[in-house]
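Q: coords please:
(one chain, ligands or ions: 2)
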Amino acid sequence: MRQVAVLGATGSIGRSTLDVIQRHPNRYRATVMAAHRSVDDMEALCRTHRPLHAVMGDPQAASVLAERLTDVPSVAVSSGAEILDDLVADAAVDTVVAGIVGFAGLRPTLSAARAGKIILLANKEALVSAGRLFMEAVRTGGATLLPVDSEHNAMHQCLPVDLEGRPNMSDVEKIILTASGGPFRGRSRASLDAVTPEEACAHPNWSMGRKISVDSATLANKGLELAEACWLFDRSPEQIEIVVHPQSIVHSMIRYRDGSTLAQLGQPDMRTPIAYCLAWPERVDAGVAPLDIVAAARLDFEAPDLEAFPCLALAQWAITQPGGMCVFSAANEVAVAAFLAGDIRFTDIDKVIAGTLQGIDLAEPESLDAVQALDQAARDVADKQIAGWFTRPEA
Ligand code: NAD
Ligand code: MG
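A: Ligands and ions are numbered 1, 2, ... in the order given. So this is what the prediction gives:
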């Protein structure tokens, strides 16, 4: 029986993970569940899945949850970063699903890496912000790192991997990273000034959390994923080609030196990559409808439009600077939160990122403290810009 810690249990990745776990009660059990402050959702999930531990990021949410769960004494409710660090590193847990959104997920994921766990990585921001530190922790801790992000999961599926899940890249010529193009594909930059958070979050193919949905709409997500692929598969950005594929059926491709290109195809449903990682190197049912290739009929591919979506070009530059992607990701998080709150326009997101990249020393952060300091410095610069440059758009 695999004991699984689900970090970000109330989110889109967390729920998809719990759905797969529930289909295989004899193989997996969610023994630790963590979320930020959504008490109602967490209470319902605790009643269904009966974890041993429920950890809330927000202490007040934890006390409300504890009160609500007095009739379920088997669930220990707690709060705090140290507690979560210890729980994911505990011998009782063997698999950790990193499904917290943003930089907040770095600490517990790093703890899982140092403790040598099997890590199912969805939280790309953690890897992008602390790439070298994170990959070193995976190596020295003896962890197994399996990518949940659909593109990187596709790459993993198309590569020969060793018993620890590490891919062999020796005959690979190029990684082809696919992008859906998001809800605004084909539109001009000028036409994007007035788009609303609701429009930005209405992804044509995937149902996801709001932050990653906006990242998909700006193509910042593909910038984060470029950096993610570089760390996971030990590539330089030039060895990765980004291709827009609006149907989101081909989840990425690997081109080999002999001219073969391997692709992984599937429905746009995160339960497939999650089930792949949970069961690896075996396969289990994910509850996903089979792909009807005749109904899909067409697979289109085109180059990304960097003029309409400058976030991707900014990421391609930032990735060449040692601390660039930590700053890119922090500034993007601040800008996306401001956009979702109605404080800035969609087209201000890339301006905040560009201004932050210019306003900060992009030296490599060598420790967790240094990564946290660089992330905070970037947030401060981004916040200042938003406060100083932009006025709230008319409702
Ligand atoms: P979401 O917003 O739906 O869920 C986020 C989860 O993180 C929630 O459970 C929330 O409570 C928790 N959380 C947030 N801040 C926290 C904190 N400080 N402490 C503890 N928990 C906290 O997001 P999502 O769409 O599930 O995405 C999660 C991660 O997975 C992101 O990094 C995203 O980029 C990545 N990802 C998501 C998808 C997808 O289809 N949703 C696909 C690929 C990668
Ligand atoms: Mg992805």
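
Q: contacting residues for the closest residue to ligand 2 within the stretch 201-350 of the chain?
A: When distances are taken as C-beta to the ion, the stretch 201-350 of the chain approaches ligand 2 most closely through residue 225, which lies 5.5 Å from it. Where you see a C-beta, it was placed from the backbone N, CA and C, and this is true even at glycine. Listed by C-beta atoms under 8 Å, 6 or more residues apart in numbering, the contact partners of residue 225 are 124, 149, 151, 152, 177, 179.

Q: show me what contacts the residue nearest to the second one when sequence neighbours are not counted?
A: Setting aside the residues directly before and after it, residue 149 is nearest to residue 124 in space (C-beta to C-beta, 6 or more residues apart in numbering), at 5.7 Å. If you count contacts by C-beta under 8 Å, 6+ apart, residue 124 has them with 149, 224, 225, 228.

Q: try 10 Å this time
A: Contacts were defined as C-beta atoms under 10 Å, 6 or more residues apart in numbering; by that measure residue 124 touches 98, 101-102, 105, 147-149, 151-152, 212, 215, 221, 224-225, 227-229, 231-232, 329.

Q: how many residues are close by the closest residue to ligand 1 within the stretch 1-150 of the chain?
A: Proximity of the stretch 1-150 of the chain to ligand 1 (C-beta to the nearest ligand atom) peaks at residue 11, 2.0 Å away. A total of 23 residues lie near residue 11 under the criterion other C-beta atoms under 10 Å.

Q: can the helix or strand harbouring residue 17 be found next to ligand 2?
A: When secondary structure is defined by DSSP states H and E, residue 17 falls within helix 12-23. No. Counting by C-beta under 5 Å from the ion, ligand 2 is not contacted by helix 12-23; separation bottoms out at 10.9 Å.

Q: now for that helix, which elements pack on it?
A: Using 3 or more C-beta pairs under 10 Å, 6 or more residues apart in numbering; DSSP states H and E as the contact test, the elements touching helix 12-23 are strand 2-7, strand 28-35, helix 39-49, strand 95-98, helix 210-218, helix 271-279.

Q: which of the ones you listed is buried the deepest?
A: strand 95-98 (a mean of 29; mean count of other C-beta atoms under 10 Å).

Q: beyond it, next helix or strand please.
A: Helices and strands here follow DSSP H and E; after strand 95-98, the next one along the chain is helix 106-114.

Q: helices and strands around that following helix, which ones?
A: If you count contacts as 3+ C-beta pairs under 10 Å, 6+ apart, helix 106-114 packs onto strand 2-7, helix 81-89, strand 95-98, strand 118-121, helix 124-129, helix 131-141, strand 144-147, helix 368-389.

Q: again, only using 6 Å
A: Other helices and strands packing on helix 106-114, by 3 or more C-beta pairs under 6 Å, 6 or more residues apart in numbering; DSSP states H and E, are helix 81-89, helix 131-141.

Q: mean confidence for the last one?
A: In this case it means helix 131-141. Within the predicted structure, the mean pLDDT of helix 131-141 is 98.

Q: hmm, that helix in reach of ligand 1?
A: No. For helix 131-141 and ligand 1, the contact criterion (C-beta under 6 Å from any ligand atom) is not met; the two come no nearer than 13.5 Å.

Q: any idea how far that helix is from the chain center?
A: Mean C-alpha position of helix 131-141 versus that of the full chain (C-alpha atoms, centre = their mean, to the nearest Å) differs by 17 Å.

Q: next: stretch 303-323.
A: When C-alpha coordinates are averaged (C-alpha atoms, centre = their mean), stretch 303-323 and its chain have centres 18 Å apart.

Q: can you start the count at 645 instead of 1 from here on
A: New numbering, starting at 645: the last item is stretch 947-967.

Q: start to end distance for it?
A: Stretch 947-967 stretches 27 Å from its first residue to its last (C-alpha to C-alpha, to the nearest Å).

Q: quick one: average confidence on that stretch?
A: 98.

Q: wait, does that stretch contact ligand 1?
A: No. Stretch 947-967 stays clear of ligand 1 (C-beta under 6 Å from any ligand atom), getting no nearer than 14.0 Å.

Q: please apply the same query to stretch 897-910.
A: No. Using C-beta under 6 Å from any ligand atom, stretch 897-910 never reaches ligand 1; the gap is at least 13.1 Å.

Q: what does that stretch rub up against?
A: Defining contact as C-beta atoms under 6 Å, 6 or more residues apart in numbering, one finds that stretch 897-910 is touched by 798, 801-803, 815-818, 820, 893-895, 916, 935.

Q: what about the closest residue to residue 965 other than its chain neighbours, distance to residue 830?
A: For residue 965, the nearest residue in space outside its immediate sequence neighbours is residue 1006; the separation is 4.0 Å by C-beta to C-beta, 6+ apart. The gap separating residue 1006 from residue 830 is 33 Å, by C-beta to C-beta, to the nearest Å.

Q: neighbour count winner among the two?
A: The residue with more neighbours, out of residue 1006 and residue 830 and counting by other C-beta under 10 Å, is residue 1006; that gives 19 against 11.

Q: all set now, cheers.
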